[in-house]
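K.L.:
A predicted structure for the sequence below; I have some questions about it.
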Amino acid sequence: MSAAAKSPGKFTISQAIDSLGVSKFTISIFFLVGIAMMFDGYDYMIISYTNTQIMQEFFGPAGNDALKGALSSWSTIGIVVGSFAAGPLSDKFGRKKILTMGTFMYGLLTIPCIFAPNYEVFAVFRVLAGLFLGVCTPIVTTLFTEFTPTKQRSFFITFGMAWMIVGWVMAALVGTVMVQIATWHMCYAIGALPVLYAFIFGKFTPESAHWCAVHGKLDQAAKVLQRIEKRAGKEIPYELKAENLLVPPVSAKSSPAEVWKGKYLKTTIALVVIYFAGNFSIYGVNAWLPALMLEATGGAVTASYMLAMAQNAASVVANCTTGFVSEAMGRKRNLIFGYGLSVVACLIVSQVVKLPAETSFWPYLIAFVFMGFALNYAITAAQPMMSESYPTEFRNSGVATIVALGKSAGILSPIILGGLKAAGWAFSPLIALLAAPMAFGFLAGFLLPKGAKGMNIDDIADEAADAKA
């Protein structure tokens, strides 16, 4: 299409991106942003596959069950604080800048963990690395929301979150191999690779055109669209000039506090409850899953970690599936279905783990694959609603608030479950306990609005502006 054939009229950024459909640019963003998420998942989850060896090095063969549970919580403390900061920082300074910085820093701060002389030093650097791990999830969700076509937005948000689970599977593979042929220290050396990847990400990922536009950087927004057009290998049917951009009205009140006001209040509370519930169960399972599998397989490390990998592989399938179903049945109904399914899954697994370990490998495998699928289907179903519930000027503040408060469950869950395990609780009642938060999430789902299926980003912003008028 020649420049003369392009429409000289006004257009929105959403119209420009939607005109390309799923393109080479969409796929490039899927991989660029996704790989950052994969490293995030690896760096968080590797602790679950090395905690036994770490505790034995620091405390001797007997280890320390209570501190072992807390070991998974140290990075989560940082994640919660980092997630809170990521929202207003990326809304103010840009999605790309903050995510690039976060990716570099969580890789850099993983390096001292390799050389930690004791538990305390290791824990401090896990907290510090966690600060920057926390940057990743809310910004990744927002970038997928702002860079993908409206009709496929839910799929890319949920499928994109599957990269985190890929990181979990990587952690299981690396943990399984390295603890057999080397030491746990090598697992954290691999976790430092994001230091290098941050430069690749920064070079090839553009800033969000939506963010540029709402900050009055119309020339930059037009240049981003030109860059998108070039990488897509297709032409956008509009003249990509700053003066042609239609920008939704930006609220004068665009502070992070807006997510707790007016029409956003009920949605924010409901999503916090939902995300907290999902994280409590997922972090609780993942913190103790390798240990449970080790017990279930009579101490066979490889078999136990293979069970955990199968559970996480099912989680990847769940993330992909929930995006398709969300587009078909709607965000709200899909989320409620997912949380209901998770309640059933937790109760089933709580009964399966009562079976004799020596004869129950396949029942364990099937049950944990089902639970991994259900839990991740549910929590990922919330991701589109999180990013679609707020306008661009404080979208990431909204997402980050929900992620931060929700992931605080990741601090509490391993500690609570670890304490109960140390007090003599068997795995069966521990897993049954996880059905309770998922039931709360199921009920909270009914408080949500119907969702933004079929609405583009600019429509969402216009609706928000009308509500404030």
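P.N.:
That came through fine. Numbering: from 1, shown residues only.

K.L.:
contacts only, for the nearest residue to residue 179 once chain neighbours are set aside.
P.N.:
If the residues on either side of it in the chain are set aside, residue 179 comes closest to residue 53, at 5.5 Å by CB to CB, 6 or more residues apart in numbering. Where you see a C-beta, it was placed from the backbone N, CA and C, and this is true even at glycine. Residues in contact with residue 53 (CB atoms under 8 Å, 6 or more residues apart in numbering) are 179, 183, 184.

K.L.:
secondary structure element for residue 347, which one?
P.N.:
Applying DSSP states H and E as the criterion places residue 347 in helix 331-352.

K.L.:
for that helix, packing partners?
P.N.:
Under the contact criterion of 3 or more CB pairs under 8 Å, 6 or more residues apart in numbering; DSSP states H and E, helix 331-352 touches helix 264-296, helix 301-329, helix 361-388, helix 427-433, helix 435-444.

K.L.:
now with 7 Å?
P.N.:
Helices and strands touching helix 331-352, as assessed by 3 or more CB pairs under 7 Å, 6 or more residues apart in numbering; DSSP states H and E, comprise helix 301-329, helix 361-388, helix 427-433, helix 435-444.

K.L.:
secondary structure element holding the residue nearest to residue 179?
P.N.:
Element membership for residue 53, per DSSP H and E: helix 51-59.

K.L.:
show the buried residues in the contacts of residue 53.
P.N.:
Buried by 16 or more other CB atoms under 10 Å: 179, 184, out of the contacts of residue 53.

K.L.:
out of the contacts of residue 53, which comes closest to residue 313?
P.N.:
Of all the contacts of residue 53, residue 313 sits closest to residue 179, with 20.0 Å by CB to CB.

K.L.:
lowest-pLDDT helix or strand in this protein?
P.N.:
The weakest-scoring helix or strand in the chain, judged by mean pLDDT, DSSP states H and E, is helix 457-468 (a mean of 54).

K.L.:
in the protein, where is pLDDT below threshold?
P.N.:
Where the chain drops to pLDDT under 70, the residues are 1-8, 62-66, 69, 250-255, 287-308, 357-360, 451-455, 457-469.

K.L.:
which residues sit in contact with the spatially most central residue of it?
P.N.:
The central residue of the chain, meaning the one whose C-alpha is nearest the mean C-alpha position (CA atoms, centre = their mean), is residue 137 at 4.3 Å. Applying CB atoms under 7 Å, 6 or more residues apart in numbering to residue 137 gives the contacts 83, 403.

K.L.:
from residue 9, how far off is it?
P.N.:
Distance of residue 137 to residue 9, computed by CB to CB, to the nearest Å: 38 Å.

K.L.:
likewise residue 269?
P.N.:
41 Å.

K.L.:
so residue 183 versus residue 439, what's the distance?
P.N.:
42 Å.

K.L.:
also residue 188?
P.N.:
Summarising the geometry, the distance separating residue 188 from residue 439, computed by CB to CB, is 37 Å.

K.L.:
quick one: which of the two has more around it?
P.N.:
Residue environment comparison for residue 188 versus residue 439 gives the larger neighbour count to residue 188, 27 against 15, counting by other CB atoms under 10 Å.

K.L.:
which residues are in contact with the more buried one?
P.N.:
Contacts were defined as CB under 7 Å, 6+ apart; by that measure residue 188 touches 46, 110, 113, 114.

K.L.:
quick revisit: what sits up against the helix holding residue 347?
P.N.:
The contact list for helix 331-352, computed with CB under 7 Å, 6+ apart, reads 281, 322, 325-326, 363-364, 367-368, 370-371, 374-375, 377-378, 381-382, 384-385, 428, 431-432, 434-435, 438-439, 441-442, 445-446, 448, 450-451, 453.

K.L.:
one more pass at 6 Å, please.
P.N.:
The set of residues that contact helix 331-352 without belonging to it, under CB atoms under 6 Å, 6 or more residues apart in numbering, is 325-326, 363, 367, 370-371, 374-375, 377-378, 381-382, 384-385, 428, 431-432, 434-435, 438-439, 441-442, 445, 448, 450-451.

K.L.:
in ChimeraX, select just the buried ones from these.
P.N.:
Filtering the contacts of helix 331-352 down to the buried ones (16+ other CB under 10 Å) takes a single ChimeraX command:
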select :325,326,367,370,371,374,375,377,378,381,382,384,385,431,432,434,435,438,441,442,445,448,451
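
K.L.:
quick one on the thing from earlier: got the angle for the following helix or strand past the helix holding residue 53 vs helix 51-59?
P.N.:
Elements were assigned by DSSP H and E; along the chain past helix 51-59, the next helix or strand is helix 65-93. For helix 65-93 and helix 51-59, the angle between their directions (axes from the mean of the first three to the mean of the last three CA atoms, to 10 degrees) works out to 110 degrees.
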